[in-house]
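Novice: Turn this into a model:
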Amino acid sequence: MVEEQRARRTFIAIWTLACLAKLVVAARLPLFVDEAFYWQEGRHLAAAYSDLPGMTAWLARLGVAVGGEHVLALRLPFLVLGALLPWWVMRTGRRWFGAINGWHAGSLAVLLPLVGTLGIMALPDVPLAFATVLCLHAGARLLREAGPAPALELALGLALGALSHYRFGGVLVAGTVAMLWLPQGRRLWRDPRVLLALTVGALAWVPLLLWNLENGEAGLRFQLVERHPWALHAGGLAFLPVQALLATPPLFLAMLWVAWRSVRPRRALRPQWRFLGLFGAIAAAGIFALGFLTDSERVSFHWPVPAWLALLPGTAALLNTRALRWRRPVWGIAALGLVAALGWCLAVSTPSLRAASAGSKHYPRNFAGWAPLAAAVERELAAMPAGTRLLAGDFKVGAELGFALGDPDLAVLDHPLNHAHGRAPQLRLWELQADAPPAVPTLLVLAPGHLSFKDWLDYYQGLCARLGPLPPARTVMVDHGAQRFLLLRLPGGGASGAACVAPALAWVDRPSPGAEVPSRFEVGGWAFKEGVGLARVEVLLDGAVVAEAAYGDAYDVSSAFPRSLDPQQPHVGFRAEIDLPASQAGRRWLGLRLHGNDGSVEDWPQQPVRIVADRPGQ
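Specialist: Numbers count the residues shown, from 1 in each chain. Okay, the predicted model is just below:
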């Protein structure tokens, strides 16, 4: 009894602290681009959408309906579901593994970083995970005795999962195989209450299926075909190290051991123990195998969460019996992992720390720059004629600006990004995709960094074909240009047949990013501006002009941009000699200011360099 009370107090203390920490983080963390689109979907309520079933959008709409148009209100329903998750893990463990193990399983669910951070963002993984624990708890109860209460819980879990994400289909497959593996599970398929629950779960897929039937299977084709290469690649090899890091290594190994013991038990185990372990093993193995065939470009590290939720009760029992010497390392490192995950979220929320990561592959682009962009857009609109239309270059810009400005109906240009994330069909259904040149004054907002640099010129030329020559752009630089936006005032009246004029392109090939340079060093590279060319190039250091470059050297860029129509090609090279006092030593940000022959002035993204003071006598 004393041990049980201690375990209970530990769980409640850990859970309370984690909930408070998540509340603080959720209030500070900038809105993620997918969250902004789910908010937009919630403002266009429907049974299903092109990227997901309806649950995520409905929860987002509930949050802002209750708490107003604020990021914390948007996330509040997800925080509640995330807070309930450990309690259901605890209930499952307490019922089948004993009270102490149950409380410990709940504590591990709080500390496991992949689970403990659920709810900080308004993402479909939260209701999907909650649906999973409902189904696992109900399935374990049904293995002992089929009754109306567990059947009702199963129906609720199946319906919630079907309304959350296509990926819940993997939960269904793993659960079905685990049940068929066990004699007690096979008998359940003859029980009318279980069959009724399964029917309710199947009917919950109807809205999504109807949406696909009405829209040429666009959602199914994206989720199951278009986003995946379906060809062998080495991406699956990252599963083990990535999951070991994100689940923390000792806890990850303990969960794998529980999964292995469930598949190949050395002694008879309770059917509930085997069901949970088999589910976890099947789900984890399936995701590992699919990792060699499926999408490796977008984040997928969270996909195994249902497997870990099933394995946590058995892991708690293992640590309390046969792995006592591992208990402290598992708990301690898991706690450090959760602190690190929450710390990363706080770092993303801190402008100075976010800016310090600019120029690295770890820069959190999808969280950054939206507030400065919204402020710049409002200032630009105030200086334009009344009735000016706002036009976003892609769905990310449209959704984020929509949330910031309180307008879920911002028009969006067709963009490769819209198709890559399965949002293009939805924008067309909302009649928000702008295909024709604007007939009225329009402020166009572009985010060039949402495409690979090699694709920028083709993208700009495509815009010219649709909108006509592009006017001079105002540059909005965030975090030294790691996030960079262009604001263009389109006069309206349709596209003209004039030659394409587009924003400038540039490259600094010396010094390289992050290089150490003496206080006297050379800057060189190329720059051009489609249609009109550049008049001059200035070199900036920490945003201040330090030199004007000699522009017009021969520099052949035809291999990368063979379609360039800059009239000064191939004389687009520049070079400048920078001579700084010793006081400028240290990490500095090197940039360019590009002056077009059309009067445009554009700042180019900065890159870090480390200036090393000359030693005496050099």
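
Novice: show me where pLDDT drops low in this structure?
Specialist: Applying pLDDT under 70 to the chain flags residues 297, 299, 322-323, 494-497, 614-618.

Novice: Domains in it, by residue range?
Specialist: Domains of the chain are assigned by automatic domain parsing as 2-219+325-347, 368-500, 503-618.

Novice: A316 is nearest to which of the ones you listed?
Specialist: Among those, domain 2-219+325-347 comes nearest to A316, with 4.0 Å by C-beta to C-beta. Yep, even glycine has a C-beta here, placed from its N, CA and C like the rest.

Novice: ok so, going back, could you export the domains of the chain as a markdown table, including mean neighbour count and distance to P271?
Specialist: Shown next, in a markdown table, are the domains of the chain (neighbours: other C-beta atoms under 10 Å; distance: least, C-beta to C-beta, whole Å):
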| stretch | mean neighbour count | distance to P271 |
| --- | --- | --- |
| domain 2-219+325-347 | 20 | 5 |
| domain 368-500 | 18 | 40 |
| domain 503-618 | 17 | 58 |
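
Novice: could you dump these to a markdown table with distance to I287?
Specialist: As requested, the domains of the chain are arranged in a markdown table below (distance: least, C-beta to C-beta, whole Å):
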| stretch | distance to I287 |
| --- | --- |
| domain 2-219+325-347 | 7 |
| domain 368-500 | 20 |
| domain 503-618 | 35 |
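
Novice: Quick one, which of those domains gets closest to G359.
Specialist: With C-beta to C-beta as the criterion, G359 lies closest to domain 503-618 of the domains of the chain, at 5.1 Å.

Novice: gap between the closest one and the chain center?
Specialist: Here domain 503-618 shows a centroid-to-chain-centroid distance of 33 Å under the convention C-alpha atoms, centre = their mean, to the nearest Å.

Novice: again, but for stretch 455-465
Specialist: For stretch 455-465, the distance to the chain centre is 26 Å (C-alpha atoms, centre = their mean).

Novice: Is it correct that A554 is in contact with Q569?
Specialist: No - using C-beta atoms under 8 Å, A554 is not in contact with Q569; the gap is 9.8 Å.

Novice: give the contact list for V258.
Specialist: Residues near V258 by C-beta atoms under 8 Å, 6 or more residues apart in numbering: G277, G280, L311, G314, T315, L318.

Novice: Contacts for the helix or strand hosting T475, please.
Specialist: For T475, the element it lies in under DSSP states H and E is strand 473-478. Contacting residues not belonging to strand 473-478 are listed as 368-369, 372-373, 376, 380, 446, 484-488, 503, 600, 602-603, 605-606 [C-beta under 8 Å, 6+ apart].

Novice: and with 6 Å instead?
Specialist: 368-369, 372-373, 376, 484-488, 503, 602-603 (C-beta atoms under 6 Å, 6 or more residues apart in numbering).

Novice: Need those in JSON lines (columns: distance to E145).
Specialist: Below are the contacts of strand 473-478 laid out as JSON lines (distance: C-beta to C-beta, whole Å):
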{"residue": "A368", "distance to E145": "53"}
{"residue": "G369", "distance to E145": "56"}
{"residue": "P372", "distance to E145": "59"}
{"residue": "L373", "distance to E145": "58"}
{"residue": "A376", "distance to E145": "63"}
{"residue": "R484", "distance to E145": "62"}
{"residue": "F485", "distance to E145": "60"}
{"residue": "L486", "distance to E145": "64"}
{"residue": "L487", "distance to E145": "65"}
{"residue": "L488", "distance to E145": "67"}
{"residue": "P503", "distance to E145": "68"}
{"residue": "E602", "distance to E145": "71"}
{"residue": "D603", "distance to E145": "69"}
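
Novice: could you show me where the helices are in the stretch 51-200 of the chain, in order?
Specialist: 55-67, 71-97, 99-111, 113-116, 125-144, 148-162, 168-181, 183-188, 192-203 (DSSP state H, counting those that start in this stretch).

Novice: can you list those in CSV and add distance to L427?
Specialist: Putting the helices of the stretch 51-200 of the chain into CSV (distance: least, C-beta to C-beta, whole Å) gives the following:
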stretch, distance to L427
helix 55-67, 14
helix 71-97, 20
helix 99-111, 37
helix 113-116, 31
helix 125-144, 23
helix 148-162, 25
helix 168-181, 25
helix 183-188, 44
helix 192-203, 29
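
Novice: looking at those helices, which is closest to P437?
Specialist: helix 55-67 (31.4 Å).

Novice: Next, the angle helix 71-97 makes with that closest one.
Specialist: Using axes from the mean of the first three to the mean of the last three C-alpha atoms, to 10 degrees, the inter-axis angle of helix 55-67 relative to helix 71-97 is 120 degrees.

Novice: So what touches helix 55-67?
Specialist: With C-beta under 6 Å, 6+ apart, helix 55-67 has contacts from 38-39, 41-42, 73-74, 76-77, 122, 124, 127, 163-164.

Novice: Swap in 8 Å and give it another go.
Specialist: For helix 55-67, the surrounding residues in contact (C-beta under 8 Å, 6+ apart) are 35, 38-39, 41-43, 45-46, 49, 70, 73-78, 81, 122-124, 127, 160, 163-165.

Novice: Also stretch 141-159?
Specialist: By C-beta under 8 Å, 6+ apart, stretch 141-159 touches 95, 131-135, 137-139, 172, 182, 184-185, 188, 191, 193-194, 196-198, 200-204, 271-272, 275.

Novice: tell me which element S564 falls in.
Specialist: S564 belongs to no helix or strand, assigned by DSSP H and E.

Novice: Could you pull up phi and psi at it?
Specialist: Torsion angles at S564 (phi, psi; degrees, to the nearest 10) stand at phi -60, psi 140.

Novice: can you tell me which residues contact it?
Specialist: Residues near S564 by C-beta under 8 Å, 6+ apart: L457, F528, E530, V557, S558.
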